[in-house]
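# Kindly return the folded structure for what I paste below:
(chains A, B, C and D)
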Protein chains: 4
Amino acid sequence: MLVVMDTHAGEDQVNAVCDEIRNMGLTPHPMPGAQRTAIGITGNKGAVEASRIEQMIGVVRVIHVTAPYKLVSREFHEEDSAVHVGDVMFSKQNFTIIAGPCAVESAQQIDEVAAHLKAHGAHMLRGGAFKPRTSPYSFQGLGETGLKLMQETGKRHGLPVVTEAVDRESLQLVEKYGDMIQIGARNMQNFSLLRDAGRSRKPVLLKRGMSATLEELLMAAEYIVNEGNPNVVLCERGVRTFADHTRNTLDLSAIPFVQRTSHLPIIADPSHGTGRREKVIPLSCASVAVGADGIIVEVHPHPDQAMSDGPQSLFPDQFVELMRQISVIAGVVNRTLIQEPQPKAV
Amino acid sequence: MLVVMDTHAGEDQVNAVCDEIRNMGLTPHPMPGAQRTAIGITGNKGAVEASRIEQMIGVVRVIHVTAPYKLVSREFHEEDSAVHVGDVMFSKQNFTIIAGPCAVESAQQIDEVAAHLKAHGAHMLRGGAFKPRTSPYSFQGLGETGLKLMQETGKRHGLPVVTEAVDRESLQLVEKYGDMIQIGARNMQNFSLLRDAGRSRKPVLLKRGMSATLEELLMAAEYIVNEGNPNVVLCERGVRTFADHTRNTLDLSAIPFVQRTSHLPIIADPSHGTGRREKVIPLSCASVAVGADGIIVEVHPHPDQAMSDGPQSLFPDQFVELMRQISVIAGVVNRTLIQEPQPKAV
Amino acid sequence: MLVVMDTHAGEDQVNAVCDEIRNMGLTPHPMPGAQRTAIGITGNKGAVEASRIEQMIGVVRVIHVTAPYKLVSREFHEEDSAVHVGDVMFSKQNFTIIAGPCAVESAQQIDEVAAHLKAHGAHMLRGGAFKPRTSPYSFQGLGETGLKLMQETGKRHGLPVVTEAVDRESLQLVEKYGDMIQIGARNMQNFSLLRDAGRSRKPVLLKRGMSATLEELLMAAEYIVNEGNPNVVLCERGVRTFADHTRNTLDLSAIPFVQRTSHLPIIADPSHGTGRREKVIPLSCASVAVGADGIIVEVHPHPDQAMSDGPQSLFPDQFVELMRQISVIAGVVNRTLIQEPQPKAV
Amino acid sequence: MLVVMDTHAGEDQVNAVCDEIRNMGLTPHPMPGAQRTAIGITGNKGAVEASRIEQMIGVVRVIHVTAPYKLVSREFHEEDSAVHVGDVMFSKQNFTIIAGPCAVESAQQIDEVAAHLKAHGAHMLRGGAFKPRTSPYSFQGLGETGLKLMQETGKRHGLPVVTEAVDRESLQLVEKYGDMIQIGARNMQNFSLLRDAGRSRKPVLLKRGMSATLEELLMAAEYIVNEGNPNVVLCERGVRTFADHTRNTLDLSAIPFVQRTSHLPIIADPSHGTGRREKVIPLSCASVAVGADGIIVEVHPHPDQAMSDGPQSLFPDQFVELMRQISVIAGVVNRTLIQEPQPKAV
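Numbering: from 1, shown residues only, chains lettered A, B, ... in the order given. Next up is the predicted model:
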């Protein structure tokens, strides 16, 4: 950590900061310069809670050298983590495909699409029963009824189910009926929900917030892991920028960054990442090529009748084409699309 | 509403869209052009749920002409709404000042600052007991103990209290001990929490999310009002941009936009909006001048010992200077800083 | 085009707008609604210059349905355009690799790297002689001397040369010594320079500005083509967002968007797009997979001694690895890395 | 400056960096920590050109403590600079109002508006003769004819003229006919143009680029001052963000930041900053209150007939109201709107 003092900071202010650093059990290294003094800090094991120093008189800013996350950091856990959901594994060897409609709408809809997805190689089934919608007048999901439909359909077709929880009540239901808990972009910094997810035994799919830095994404994961649940898969789903040709801007550079920084798996969501059906296949291919550990895509049996997110949902035929294209690329980047039943290991 | 068809869309696709519009009880107005056909829609009373049409084959995009919010819109409620919190009123005639520390830390801290704030003209006391913190290792607030301290201190000094709720449990406590429920930026689209706040009898201070459009902010308010609570005050607190000289970019143009579009009061938060103490006074003055209905600012008796957000907290003396400057500007823009006890009216 | 009137606009204001539309030789279609009137416009061949209407009293906004670009639009020119630079072709069949240092520094540096690049499959040589640098105190490039070195080196190794022009004088020199004129991100809306490039006979590589929408990028290309130069290759090089883990955010969804909308080739620049060497290979692979027509990457014989942009320059060995990885992916997406000498066609 | 080493960097890599620092005539201060080593640097007079170190093996990043600008920095020039344009002064005591149409369209238009502006207290006249337009098909300005009209009109009404230059040729004409050279947002990093402006004897109005950090704005000013022209006035004109309720997001916090960091005057442009007429008055008031040294606003005699930017141009009556409101606020923030003829001083 480095403390940058004001150009007009006097010796007494520099000394006060050094004293405070010593009070924290650390060692200050003042470096007087031509214009200002900077003070290096050593002796810390992890990140230092810097707020005390940051607000001392004469301090311009505090520069963190050590990352504030620990449990999710590769510096504390060098090997890649694999996350298991039933017989499905998120790992550096696999490329895992989660697919399904934005929302469960009926028994027939979810069964029809699940049969198609399974037949063409998807590994897991997605589908929302609790939908966070911008408008209170939009379809909000089928709730518990939807979860039951998801559970039955997933079992029937051998597809583990991931579905979103939005509060404590829905989290308990998702734990009961689902195989993996999704925390959506809008709740990435809903810390109460993160803690609840951290106390669950089910694995968690954590989506990056719309304007979250990667440090904030990793800190959100840290909340979950810190409560005792190490099974977190991250998801890049696009961020909000000035660009108006897509709903969000899919930030694929997040994938290699997170993989260098953290041991957790990370997948991409080209459906929300672009918001337009015709861009989902090219961005899915790009996700494989950039090194993602999987994708989550929206597929609807009849996108033109979908109750939400139709414009970004693939037609069933497009999913077949998607699988064809990504399986070729996965092959050349040493990823397998075959998921083999295996004994769990954490 | 206007439906824009693809340049290659055939007549049958145009007809299908027109049929669907008629199915919705509305009237289609196809306008064939040199390059493409557009279809106008009339007959709607409010916003149309467009997703069905948006995902039909041949549709490029759907353009909304009518805003999707109703209850919070000025088009449905022409007169300005005033929101009362005890004897304090948020209105177009007043300029309301909420001040206090980022977090309640101790009985002495909150009492010391409250006495000072009251003596120099603040109208309400702020202070967090449940703090949403990026890191699980940072100070998370005193919880119910903090709320009790806030309540006692507020009563002692005649300052109604606003404090943040982050989930159902904390909301119930805030309702019990506080006078106004704050929904923070990170929870602006926590729709479960918005609904809970909408069922409360306490007024709500709703902060704009870090990357929320104003339409999204107003839709979040619509969730609250739609549940039966009309007493919502909005708050511009800065948005996330590439700019790195402030923690957030305070978007003061949001104030006149919201005031034209909605009847709800809106205040500014120059402390979070800038993240730096030395910019709080100039941006507070700008907030008065731009027409805001109030401000919320952080003041700490000893910012250099604050447990959170010290760098953006004003010193007690700076609050006195702030009051001096804004009272002069409020005077010339026809706002009073005097709050008079009055019979409640909703 | 659709004109949206204010909810309070009177009949006379609606009539005035209809009259103005008729004055422009177009046909107005007023659609009175519950809240407001909207007026559709038909009869236009291309985009309408809407400013006259936009500023009439009672007009809230004007919505463009037709894109404002013509010559670069796929609606006016359905087939893909190929751009030739010597024997190199940018097209939907090829994947073209431009590589070289950020700046030409010396005869030895550029020769050393060019020999290496040619030996491992690069098609064109890049290298700046006129460098737009944020600081006036940074290395600004070798100017004409640098261009001569580029020309000699390119000829010696059979690599056509692309290099940046920053004003009229440097453009004339680049035309003289180079094979393709680069217009950098900072000059994407330097319309004088665009016009000059449009009057040149040399093909142009046009980079997207740091905060340019794709409509603005295509309009910038329209400036060049409108002056008579149809040989424009576009380049996505990352945009500026709040994200701080990369220097820019590479927006790969721009590639399929531009390819649907325009007939011009488009390549990606993963070096500037990320700003970090270790992300260049994964993002290059993603660029091939997403369907780009090529990439431009920075390679330096000794990145740790580079006079500019060292941290994003590949080591020579990394370029070999890059070529290995992208050639495999190019193969499976039906792109060839082999460039065959061919008769020019425009 | 602080060099942050990789957690896996070996002792030899740390030593190599220290050697390089010594080669630069500076002193390294290695600080080994629990996780990694950081190396402080002292001995530099100004900013260090860090690229050599930044790209050494084992270096994660280099943190600059000293700002890279010198001549425009308050650290090198403590007192506020005043800039004189004829009898008009940009200073901390004045509040200077520049007004006029987006573009000069005719002798009558510019004369009519100038007479009105002078009568109601404007100090300078704006109006573009060379317009940078997104579309090649939009009105591009009257060129030299427009400049002559501006000059004559300015003299007739006693209003110094500021107008935009977009390349070397137009700069020479603006120098000939105008009183102040405007460099627009799109050219803020057109370094050739900045250098040309730096060699001029006329003062320069430099607008912040659409996605420029304040460091980049100050570096652009440094280019001008470094060529010998100290008379630079900066201008905040809004930045590009995701927010869609305004054309740009006016970043008023830039004003106090620049005033702390630099000695140059800075004004605001609420017309471009918002893009909507009805927000110009409130944001102008906010600009006075936040401490700006002036504003530049668009006023047109008939905004509904303007050839460009009509929707953001004030009606003549609105300018009178604007002056009324800002003069009241200027009074209470100790700024005078009276410009007195005075002997020039630089």
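
# biggest helix in chain A by residues?
Counting residues, the longest helix found in chain A (DSSP state H) is helix A:316-332.

# anything in it near chain B?
No - counting by Cβ under 8 Å from any Cβ of the partner chain, chain B is not contacted by helix A:316-332; separation bottoms out at 12.8 Å. Every C-beta, even on glycine, is put in place using the N, C-alpha and C of the backbone.

# With stretch A:233-248 instead?
Yes - contact of stretch A:233-248 with chain B (Cβ under 8 Å from any Cβ) involves residue A:240.

# Give the buried residues for that stretch.
Neighbour counts over stretch A:233-248 (16 or more other Cβ atoms under 10 Å in any protein chain shown) mark A:233-243, A:245-248 as buried.

# starting at the chain centroid, how far to it?
Relative to the mean C-alpha coordinate of its chain, stretch A:233-248 is positioned 13 Å out (Cα atoms, centre = their mean, to the nearest Å).

# can you check stretch A:108-116 too?
With Cα atoms, centre = their mean, you get 26 Å for stretch A:108-116.

# Show the contacting residues for the nearest residue to residue A:271 once chain neighbours are set aside.
Nearest residue to residue A:271, sequence neighbours excluded (Cβ to Cβ, 6 or more residues apart in numbering or on different chains): residue A:298, at 4.1 Å. Counting by Cβ atoms under 8 Å, 6 or more residues apart in numbering or on different chains, residue A:298 touches A:99-102, A:126, A:271-272, A:280, A:309, A:312-314.

# For chain B, see how far away residue A:9 is.
13 Å (Cβ to the nearest Cβ, to the nearest Å).

# And that residue, how far from residue D:263?
Counting by Cβ to Cβ, to the nearest Å, the separation of residue A:9 from residue D:263 is 20 Å.

# ok, now residue A:71?
Taking Cβ to Cβ, one finds residue A:71 at 48 Å from residue D:263.

# So residue A:173 sits against residue A:144, correct?
Yes - judged on Cβ atoms under 8 Å, residue A:173 makes contact with residue A:144 at a distance of 5.6 Å.

# quick one, which of these two is more surrounded?
residue A:173 (18 against 15; other Cβ atoms under 10 Å in any protein chain shown).

# Quick one: list the elements packing against the helix or strand encompassing that one.
Under the criterion DSSP states H and E, the helix or strand holding residue A:173 is helix A:168-177. Applying 3 or more Cβ pairs under 8 Å, 6 or more residues apart in numbering or on different chains; DSSP states H and E, one finds that helix A:168-177 contacts helix A:144-157, strand A:161-164, strand A:180-183, helix A:191-198.

# closest one to chain B among the ones you listed?
helix A:191-198 (3.9 Å; Cβ to the nearest Cβ).

# anything in the helix or strand just after that closest one sitting right up against chain B?
On the C-terminal side of helix A:191-198, the closest following helix or strand by DSSP H and E is strand A:204-207. No - applying Cβ under 8 Å from any Cβ, one finds strand A:204-207 separated from chain B by no less than 13.0 Å.

# Partner strands of strand A:204-207, with direction?
strand A:180-183 (parallel), strand A:232-236 (parallel) (DSSP bridges).

# Using CSV, please lay out those together with mean pLDDT.
Putting the strands paired with strand A:204-207 into CSV (pLDDT from 0 to 100) gives the following:
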stretch, mean pLDDT
strand A:180-183, 98
strand A:232-236, 98
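
# what does the domain assignment say about chain A?
A:2-63, A:83-332 (automatic domain parsing).

# so of these, which one's packed in deepest?
domain A:83-332 (a mean of 22; mean count of other Cβ atoms under 10 Å in any protein chain shown).

# Next to chain C, which bits of the stretch 101-250 of chain A? Give me the list.
Near chain C, when you scan the stretch 101-250 of chain A using Cβ under 8 Å from any Cβ, you find A:211, A:213-215, A:239, A:241-246, A:249-250.

# With distance to residue B:169 added, can I get the strands paired with strand A:204-207 in JSON lines?
Shown next, in JSON lines, are these (distance: least, Cβ to Cβ, whole Å):
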{"stretch": "strand A:180-183", "distance to residue B:169": "18"}
{"stretch": "strand A:232-236", "distance to residue B:169": "24"}
